[in-house]
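Student: Let's see this in three dimensions:
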Amino acid sequence: MSTIEDPRTIHPRPPYSNEPQPMPGFEKSMDPVADHGEESYVGNRLLEGRKALITGADSGIGRAVALAFAREGADIVVSYLSEHEDAAETGRLVEAAGRKVMLLPGDLRSREGCQTVAQEAVKSLGGIDILVNNAAFQSTHDDLSDFSDDEFEKTFEVNVFALFRLCKALMPQMSPGASIINTGSIQSFDPSTNLLAYAATKSAIVSLTRSLAGMAIKQGVRVNAVAPGPVWTPLIPSTMPSEKVKTFGSNTVFGRAGQPAEMAPIFVFLASAAASYVTGEVYGATGGQMPL
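Tutor: A predicted model of the protein is given here:
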């Protein structure tokens, strides 16, 4: 007889290590080690023959989604900034699942960077029918004066402009049944003051998702978003104050942060035929913090 594990205790609870990391953070320095589904995710051929571009796929939620998609039968383009060691591990996981993988480093802040990533992704796999806009930048400050113009602009360039540009570049070659999935956040609806810029971008992503869904469905493409709550990724120890890192996720009803592996099945569902009547939606996985 199979057993069902208690969701409150299946993953480590705080306190977590609050040893700071340099941005953008690296998986090997995480304590506890993040769970991407390496030992738990079992595929069911839900994405057999599909071709996915996932941004920010070197680590965190992006790596978990790449692993799950691969085990469901999809080939993967791993888009990332410059975290070559982390990206190589994601690539290893995809190849171990028997799927093709391309590692594609590059800065998505510029129009040219987005065009290059889109063109190389299509060239490498012969087309893209799943786009996951997951790459993100964040910074934390306690006072408005600490948010520089350059930092505010960078947050929107990475989180919002890149999403817009990649959708615009890839949608023309997408066929009916294709899917775009954007990573939003609980910050889209319940913004924290010290994440002013990041929260604003995540609100924009929700609006873009809902607007684009009405346009994209004219060619049979569905557009949805996932809104995670606190998730244990390298972004946390590399951008948040050490004391907040130590207790990260303790304010959820589970008393802990979510793990990337707990987000990936939602992306799989939204990319699959099981979600054929789902578009313009935002799926929350916030640890019970709030209804979306």
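Student: To what extent is Leu270 buried, counted in neighbours?
Tutor: Neighbours of Leu270 under the rule other Cβ atoms under 10 Å: 24. For glycine as for every other residue, the C-beta is placed from the backbone atoms N, C-alpha and C.
Student: That one belongs to a helix?
Tutor: Yes - assessed by DSSP: H, G, I helix; E, B strand; the rest coil, Leu270 belongs to a helix.
Student: who's in contact with the residue nearest to the spatial centre of the chain?
Tutor: What sits nearest the mean C-alpha location of the chain, by Cα atoms, centre = their mean, is Asn134, with 3.5 Å. When contacts are counted by Cβ atoms under 8 Å, 6 or more residues apart in numbering, Asn134 touches 54-57, 61-62, 65, 182-183.
Student: and the gap between it and Gly60?
Tutor: According to Cβ to Cβ, to the nearest Å, Asn134 stands 8 Å off from Gly60.
Student: List of residues touching the one helix or strand Lys168 maps to?
Tutor: Element membership for Lys168, per DSSP states H and E: helix 162-170. Here helix 162-170 makes contact (Cβ under 8 Å, 6+ apart) with 53, 55, 108-109, 111, 113-115, 117-119, 121-122, 128, 131, 133, 135, 180, 182, 205, 208, 212, 223.
Student: Name the residues of that helix that are buried.
Tutor: Within helix 162-170, the residues that count as buried by 16 or more other Cβ atoms under 10 Å are 162-163, 165-167, 169-170.
Student: Now stretch 27-44: buried residues?
Tutor: Of all the residues in stretch 27-44, those buried under the rule 16+ other Cβ under 10 Å are 27, 30, 34-37, 41, 43.
Student: and the end-to-end length of that stretch?
Tutor: By Cα to Cα, to the nearest Å, the extent of stretch 27-44 from end to end equals 27 Å.
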